[in-house]
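> give me the fold of what follows.
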Amino acid sequence: MNWVLLIIVLIFVITGAIILYLKKVPHGWVQWRSGVVLKFLPPLDSLPVIELRQSLEDFVRKQYPKIISSLPVHEITDVEIPTRHGQIGARIFNENGTDPSHNIIFIHGGGWCVGSVDTYEESCRRLARQTRLPVISLDYSLAPEFKFPHAHEECLDAVAWISKNSPQLGLNHLPLALIGDSAGGNLIISTMYDSAPEVRSTIKKMIPVYPAVDSLNSDYYSNKAFAKGYYLTKKSMSQFTEGLINHREDLNDLRLSPINQPAMHPLPETFIITAEFDPIRDQGEAYASKLKQEGNSVLLKRYPETIHAFFGLKGFGSRGIEAIDDINRFLSDQSIGGLSEL
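Okay, here's the model as predicted:
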């Protein structure tokens, strides 16, 4: 009997130690899957950006069979969209919803230097399946091969073209919802500000996910507190920025710091998503406050126990799936639980 009790105690002790090892971080607790990422995946500064890009593409390519089998989508089509710099690729995920309310344009993150429609296949499949709306994922040109403002101009042109020519993609003329994470969040915000009025009028919803909105100010608490140890690091952000810009003066451009854009009202209804342990968390939340002060309709939700890149990825924990569900609720004008105060 004593041996049985001892074994039970040992199991509890070992389980507790594993949970503590995986979930405890210097500033609190993360979801256990995010803990696995932090313990066993190298941070984004572990490789130069071009090598990092290839490494991420190779990693996702190995996951492809599982992603495709677990997240089937009714129809997926690769297309080309014209821009001033030539054609860019896009992938349309269409779950064939009975009465779609929007066409979603998704612009991926990756510090403007890494990422593609392939690496964001899982997130976009989830988004299409949950919302049952068409999702157009843009594959813009990456730095350092294509410096600022190349990608910004491509995305601006692509959104304008889609807003006017969606039937050529097999889609109906519908209001647009712009969604982008990290650098993609920056790209959808700068696109919204720079679009011609007739294009902007078609953008009815905007969802920046932990957006990069302030390239000039590094004094945010989250920037300092989470500079190391949380996957996205201060060093990796510096590598991405150096890869993107031609000169330091580029950082003064409002497209890289849209938080400094002059007040514009009304903007599309906006839902901003941030991660608890993310160095760029506070700039996204400051941007939400700015929009609110300007009289715009804006919601903010900080997802607890999360790190940068959690959005839409099961491997980072259940909060990424929750964020997809919240986006669906936002797009269908339902209430969202756990919103942060503004």
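> thought Asn217 was touching Ile280?
No. Counting by C-beta atoms under 8 Å, Ile280 is not a contact partner of Asn217; they are 11.0 Å apart. Heads up, the C-betas are built off the backbone N, CA and C, glycines and all.
> could you list the domains of this protein?
According to automatic domain parsing, the chain comprises the domains 1-30, 42-331.
> lowest-confidence stretch among these?
Of all the domains of the chain, the minimum mean pLDDT falls on domain 1-30 (a mean of 76).
> what strand or helix carries Met264?
Counting by DSSP states H and E, no helix or strand carries Met264.
> circling back to that earlier point, tell me the most buried of the domains of the chain?
domain 42-331 (a mean of 19; mean count of other C-beta atoms under 10 Å).
> how distant is that domain from the center of its chain?
Using C-alpha atoms, centre = their mean, to the nearest Å, the distance from the centre of domain 42-331 to the centre of the chain it belongs to is 4 Å.
> got the end-to-end distance for that domain?
35 Å (C-alpha to C-alpha, to the nearest Å).
> CSV for the domains of the chain, including distance to Gly337?
As requested, these are exported to CSV (distance: least, C-beta to C-beta, whole Å):
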stretch, distance to Gly337
domain 1-30, 20
domain 42-331, 8
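> please name whichever of these is nearest to Ser340.
Ser340 sits nearest to domain 42-331 of all these, at 4.5 Å, using C-beta to C-beta.
> and the gap between the most centrally placed residue in the chain and Leu232?
By C-alpha atoms, centre = their mean, the mean C-alpha position of the chain lies nearest to Asp181, the distance being 1.7 Å. Distance of Asp181 to Leu232, given as C-beta to C-beta, to the nearest Å: 11 Å.
> what is in contact with these two at once?
Here Asp181 and Leu232 share the contacting residues Ala309, scored by C-beta atoms under 8 Å, 6 or more residues apart in numbering.
> dump the residue contacts of Thr119.
Contacts of Thr119 by C-beta under 8 Å, 6+ apart are Leu56, Glu57, Val60, His108, Gly110.
> which of those residues fall within helices?
Leu56, Glu57, Val60 (DSSP state H).
> nearest to Leu133 among these?
Val60 (23.3 Å).
> which residue is the nearest non-sequential neighbour of that closest one?
Among residues not flanking Val60 along the chain, Thr119 sits closest, at 4.8 Å (C-beta to C-beta, 6 or more residues apart in numbering).
> helix, strand or coil for that neighbour?
coil (DSSP: H, G, I helix; E, B strand; the rest coil).
> so how far is Gln168 from it?
From Thr119 to Gln168 the distance is 26 Å (C-beta to C-beta).
> the closest residue to His85 other than its chain neighbours sits in which helix or strand?
Distances taken as C-beta to C-beta, 6+ apart put Glu154 closest to His85, at 5.6 Å, once the chain neighbours are dropped. Assigned by DSSP H and E, Glu154 belongs to helix 150-165.
> residues in contact with that helix?
Residues contacting helix 150-165 (C-beta under 8 Å, 6+ apart): 81-85, 88, 90, 103, 105, 107, 112, 136, 138, 140-143, 169, 176, 178, 187-188, 190-191, 194-196, 199, 202-203, 255.
> with respect to Phe148, which of the contacts of Thr119 is nearest?
Using C-beta to C-beta, the contacts of Thr119 come closest to Phe148 at Gly110, 14.4 Å.
> so what's the spatially closest residue to the closest one that is not a sequence neighbour up against?
Using C-beta to C-beta, 6+ apart and skipping residues adjacent in sequence, the residue nearest Gly110 is Ala183, 6.0 Å away. Neighbouring residues of Ala183 by C-beta under 8 Å, 6+ apart: His108, Gly109, Gly110, Gly111, Trp112, Gly115, Ala212, Phe240.
> all helices of the protein, in order?
Remark: helices assigned in the chain by DSSP H are 2-23, 32-40, 49-70, 121-131, 150-165, 183-194, 197-200, 221-225, 234-244, 281-293, 319-331.
> indicate which one of these is closest to Glu341.
Among the helices of the chain, helix 281-293 sits nearest to Glu341 (C-beta to C-beta), with 10.0 Å.
> by how many degrees do the closest one and helix 183-194 diverge?
With axes from the mean of the first three to the mean of the last three C-alpha atoms, to 10 degrees as the basis, helix 281-293 and helix 183-194 are set at 30 degrees to each other.
> so how far is Leu178 from the closest residue to Gln87 other than its chain neighbours?
Of all residues not flanking Gln87 in the chain, Glu80 sits nearest, at 4.1 Å (C-beta to C-beta, 6+ apart). As judged by C-beta to C-beta, Glu80 and Leu178 stand 20 Å apart.
> still on that earlier bit, dig out what the residue nearest to the centre of the chain forms beta bridges with.
Val209 (DSSP bridges).
> show me what contacts the closest residue to Leu174 other than its chain neighbours?
Of all residues not flanking Leu174 in the chain, Asn103 sits nearest, at 4.8 Å (C-beta to C-beta, 6+ apart). By C-beta under 8 Å, 6+ apart, the residues touching Asn103 are Leu133, Pro134, Ile136, Ile162, Ser166, Leu171, Asn172, Leu174, Pro175, Leu176, Ala177.
> out of the domains of the chain, which is closest to Val36?
Nearest of these (C-beta to C-beta): domain 1-30, 6.1 Å.
> make sure Ile189 is actually in contact with Ile207.
No. Contact criterion C-beta under 8 Å: Ile189 and Ile207 do not qualify, at 10.5 Å.
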